[in-house]
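In: Provide a 3D model corresponding to the input given below.
(4 chains)
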There are 2 protein chains.
Amino acid sequence: MAAAETARGRIAPLAEEDTLSLGERAYRRLRESIVQGMLPAGRKISERSLATQLGISAQPVREALQRLEQDGMVITLPRRGTVVAEMGPAQLGELGRIRAALEGVAAALAAERLDAAALATFTSILARMKAGTDAADHDILDEANEEFHALIHRATGNLFLMRSLASLRAYDHLGRRRAVGSTPRDLPKALREHQGIVAALRRRDPALAEARMRAHVLRSLVTNGVLSPPPRGKRPP
Amino acid sequence: MAAAETARGRIAPLAEEDTLSLGERAYRRLRESIVQGMLPAGRKISERSLATQLGISAQPVREALQRLEQDGMVITLPRRGTVVAEMGPAQLGELGRIRAALEGVAAALAAERLDAAALATFTSILARMKAGTDAADHDILDEANEEFHALIHRATGNLFLMRSLASLRAYDHLGRRRAVGSTPRDLPKALREHQGIVAALRRRDPALAEARMRAHVLRSLVTNGVLSPPPRGKRPP
DNA sequence: CATGGACATCTGCCATAGCAGTTGGCAGCC
DNA sequence: GGCTGCCAACTGCTATGGCAGATGTCCATG
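Out: Numbers count the residues shown, from 1 in each chain, chains lettered A, B, ... in the order given. Below you'll find the model as predicted:
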């Protein structure tokens, strides 16, 4: 992340590398700037000034801000301004629970539509997860985990689901900060959960895949500190 | 009820009906046109021609189309055009299952945050539902049902959830068409489900409220024909 | 008749300019 | 000093124009 490395709140101009639209690039840049910590909550954002900072017009910036508002990351009051939304622990927890539910539905849909090629890819991903777990290599684990979920999302073929989950996963890096160094020894637990999900997918059992995926995401959120209590049912035995 | 009815000397805020932005109005108009059946699937939409039809500029139309693409209702191919997305029964079913999951999360969150005033409102809504069920009055039932869910959504206080559910509920009128005249006699069943959900909310039992809400939405989708099979568990005792 | 290439025309995308509503502050009055 | 009203400087919002890329047609060429 060398390009966007500037003073706090300052956004570097957009590089003209890709063929993506300016609005799309501005959207990704801004979302990254928010979840990374620059552009803190409550910060005022002006279409014009931000446009000059990015070296583009105000129109693509406006589109990016509207998409960010759809994601809940900014709030714009008509004729008054746009500010970065406050994201307290409570709201992060709610978004986590929403994401857990959606990941569950995605797993259920994937269990019905997955083809052989995707199932084979899971074998490779699980192998890398095993290696990363044994070596306690967080880089490998994060990358494999990303592919794991992305593969499931893609397998659903549902654009709405993919878009929603992409928006929600962006919040991950916001709530994970405090627990970055912890992750004591529940890495094997996460591995077993992933294996269990893949097993359910192979059996083409939507209900089981959904239950396991949802439980996995919820537990992951708990160990990462964004979801404080295990929301256990009221029957403790 | 007079809108400006406040304390002596107090002036009520202005209603914000027609102060909506052109982009927002174009978005709602287009979404309505799609779910109502005009603008059928595959129809090409041009920013410019649509702008002249609406009597506005191309920029607000563009914003509306982008939001519709986020909702999955249109697909725009860069430099080639924007077309109304195909919404087959399979996709409508998927969106229904997504919505069922999100409504469940909304019910769970509402069970934790609901205040006394909202709980009192549920009593009134349930009474109207009872009356509508006895009279088999679909207009009353639809309106009460709308308020029922909207109240739960609002109680969560989660903007992301509310936006997503608002987008998903728009598809309802797309899939319900064939079953409009049927609705044989499961109206009492829907009433009991609503009552059960409210009971769970009163007990502040998030897990129970979620399970009941999700089951209610899924069954509603089945009787409306958008979700064909009852996705029963694989143990048919 | 079949085929290929140039041109008119369409598309989404972006830049510029100006509008109307909001805010903050400063002068002027009580 | 405290309050009122005005003005300049913002803000988001919209209109207009023009850009490059994609499409379809038509004529020249084999």
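In: Now the helix or strand hosting A:Glu210 - C-alpha only, CSV.
Out: If you go by DSSP states H and E, A:Glu210 is part of helix A:206-223. Output in CSV follows, covering the C-alpha atoms of helix A:206-223 (Å, rounded to 0.1, in the frame of the first residue of the first chain):
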residue,chain,number,x,y,z
PRO,A,206,-27.4,-27.1,2.1
ALA,A,207,-28.8,-27.0,5.7
LEU,A,208,-25.7,-28.5,7.2
ALA,A,209,-23.4,-26.2,5.1
GLU,A,210,-25.4,-23.2,6.2
ALA,A,211,-25.3,-24.1,9.9
ARG,A,212,-21.6,-24.8,9.9
MET,A,213,-20.7,-21.7,7.9
ARG,A,214,-22.8,-19.5,10.1
ALA,A,215,-21.4,-20.9,13.3
HIS,A,216,-17.9,-20.5,11.9
VAL,A,217,-18.3,-16.9,11.0
LEU,A,218,-19.9,-16.1,14.4
ARG,A,219,-17.1,-17.8,16.3
SER,A,220,-14.5,-16.1,14.2
LEU,A,221,-16.1,-12.7,15.0
VAL,A,222,-16.1,-13.6,18.7
THR,A,223,-12.4,-14.5,18.8
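In: Can you name the next helix or strand after the helix or strand bottoming out on mean pLDDT in chain A?
Out: When the helices and strands of chain A are scored by mean pLDDT, DSSP states H and E, helix A:172-175 comes last with a mean of 80. Moving toward the C-terminus from helix A:172-175, the first helix or strand encountered (DSSP H and E) is helix A:187-202.
In: Can you give the distance from that next one to the centre of its chain?
Out: Going by CA atoms, centre = their mean, to the nearest Å, the spacing between the C-alpha centre of helix A:187-202 and its chain's C-alpha centre is 19 Å.
In: residues touching the closest residue to A:Gln66 other than its chain neighbours, list them.
Out: Nearest non-adjacent residue to A:Gln66, counting by CB to CB, 6 or more residues apart in numbering or on different chains: B:Glu63, 6.4 Å away. C-beta coordinates here come from the backbone N, C-alpha and C atoms, glycine included. The contact partners of B:Glu63, by CB atoms under 8 Å, 6 or more residues apart in numbering or on different chains, come to A:63, A:66, B:23, B:26-27.
In: which parts of chain A sit against DNA strand D?
Out: Counting by CB under 7 Å from any atom of the strand, chain A comes close to DNA strand D at A:45-49, A:58-59, A:62, A:76, A:78-82.
In: Just the residues you listed: which are in strands?
Out: Among the residues of chain A next to DNA strand D, the residues falling in strands (DSSP state E) are A:45, A:76, A:81-82.
In: of all these, which two lie farthest apart?
Out: A:Ile45 and A:Thr76 (8.5 Å; CB to CB).
In: Name the residues contacting each of these two.
Out: Going by CB under 8 Å, 6+ apart, residues that sit against A:Ile45 and also against A:Thr76 are A:65, A:82-83.
In: Just send these back as CSV, with distance to chain B too.
Out: Shown next, in CSV, are those (distance: CB to the nearest CB, whole Å):
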residue, distance to chain B
A:Leu65, 11
A:Thr82, 14
A:Val83, 14
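In: Which member of those residues is positioned nearest A:Arg31?
Out: Nearest to A:Arg31 among the shared contacts of A:Ile45 and A:Thr76, with distances taken as CB to CB, is A:Leu65, at 10.8 Å.
In: which element is the closest one on?
Out: Assigned by DSSP H and E, A:Leu65 belongs to helix A:58-71.
In: and that helix with helix B:58-71, angle?
Out: Here the directions of helix A:58-71 and helix B:58-71 differ by 30 degrees (axes from the mean of the first three to the mean of the last three CA atoms, to 10 degrees).
In: Give me the average confidence score over helix A:58-71.
Out: Average pLDDT, helix A:58-71: 96.
In: so who does the closest residue in space to A:Asn145 that isn't next to it in sequence touch?
Out: Residue nearest to A:Asn145 in three dimensions, not counting chain neighbours: A:Met129, with 7.5 Å by CB to CB, 6+ apart. Neighbouring residues of A:Met129 by CB under 8 Å, 6+ apart: A:141, A:144-145, A:148, A:191, A:194.
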